Structure formats: structure tokens, C-alpha cells
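Student: I need the structure of the sequence given here:
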Amino acid sequence: MKKSILRWEFTGIVFIVLAGGLLHFVFELSGEWRPIAIIAAVNESVWEHLKLAFWPALIYFIIEMFYIRKSSNNFYFAKALGILLMPVTIAVLFYVYTAFMEDMLAIDLIIFVIAVIIGQMTSYKLIKMRALPPCLDSLGITLLLLMTIAFSTLTYFAPGMAIFKDPVSGGYGIQ
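Tutor: Next up, the predicted model:
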């Protein structure tokens, strides 16, 4: 079963990377339809790029719930931590490298893929471990809910913080 779960996690990497790439353009392609801004990037801010990993990972988590949850340990905690690591990794690596050099699309794409791999492989490692205390799965569900609330609302109500600032327009969130 561990090989099957590993296949699921590798398939998730491909799904998240491809879906995230697509979500980068969906808002513009939709004619800037405001409801789609919940999941699609509306500008070039770091926050909007974090959504490109979060939403596909959440969708893939929901799919996995039906197929591997019952045959895996620590499922909710593992998936929540893996999903959390994706945007955290993207933000940390982006800010570290842009502190030393100009922002480059190729590096941004590599960081995105690395972040997805880290998230999915962390999830896999936790799923294949012996069962952890059930309270960690409760923590995972809570974490997933909090991330969903944040990624659902902060595009519409973006705080005036650097992570939300569009370097192109200078604005915050959806205009």
C-alpha cells in the first residue's frame, strides 16, 4: 500500500504544478470575473502566487480523501502540514533569493515546483509513519479550515502588507 500512496503523492505533484500554472491565468481569461478570484491569481503579489499552490493542493487532498484516507495513518495532519509547507516554502525561498538578486521567472517556477515536492513528500512521510495521536488529525483539520478561510478572503480584503502588494500596480488584492 505504501507504493500506492507514494504514487498518489507523485501524481499530486504533477496535478498541483499543472493546475497551479493554469490558475495563474484564469482570472484574466475569465474577463476578471470577481468570484474566480477566490482561487485564481488576480495580480503579481506574492500572496496571489501562494494561492496557486494552496487551491490545487486542497482539491487534490479532497480527491485523496476518497481513495487513500482509510488506508493511511495521520491523513489529515499529514495533508495539512504538507499543504501549509507549500506556501511557506514559496514565500521563504522567494524572499531569500530576491534579497540578493532580481526576481526571475525561471527561479520562481523552480521554487514553485520545489515547494510542491516538499509539501507532497512531507505528507507522504507522515502518512506512512505509525499512527500519531488523533488530536493531530484534529489540528490538521483546523489548520486546513484556517488556511481555506485566509486564502478565500485575503484577496478581497488584502491588508497593506508587502506580501499582498502587487509590484506591477502598487495595489493590494483585487482592484
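Student: can you check which helix is longest in the chain?
Tutor: helix 2-29 (DSSP state H).
Student: tilt between the helix or strand encompassing residue 108 and helix 2-29?
Tutor: Element membership of residue 108, judged by DSSP states H and E, is helix 105-128. Compare the direction of helix 105-128 with that of helix 2-29 by axes from the mean of the first three to the mean of the last three Cα atoms, to 10 degrees and you get 140 degrees.
Student: centre of the chain to helix 105-128, how far?
Tutor: Its chain's average C-alpha position is 10 Å from that of helix 105-128, according to Cα atoms, centre = their mean, to the nearest Å.
Student: what sits up against the helix or strand following it?
Tutor: Going down the chain from helix 105-128, the next helix or strand is helix 134-153, by DSSP H and E. The contact list for helix 134-153 (Cβ atoms under 8 Å, 6 or more residues apart in numbering) reads 38, 50-51, 54-55, 58, 61, 74-81, 83-84. Yep, even glycine has a C-beta here, placed from its N, CA and C like the rest.
Student: can you give me the buried ones in helix 134-153?
Tutor: By neighbour count, and taking 16 or more other Cβ atoms under 10 Å as the criterion, the buried residues in helix 134-153 are 136-137, 140, 143-144, 147, 151.
Student: then stretch 97-111?
Tutor: Within stretch 97-111, the residues that count as buried by 16+ other Cβ under 10 Å are 97, 108, 111.
Student: ok, of those, which one's closest to residue 172?
Tutor: When those are compared for distance to residue 172, the smallest value, 20.0 Å, is given by residue 108; criterion: Cβ to Cβ.
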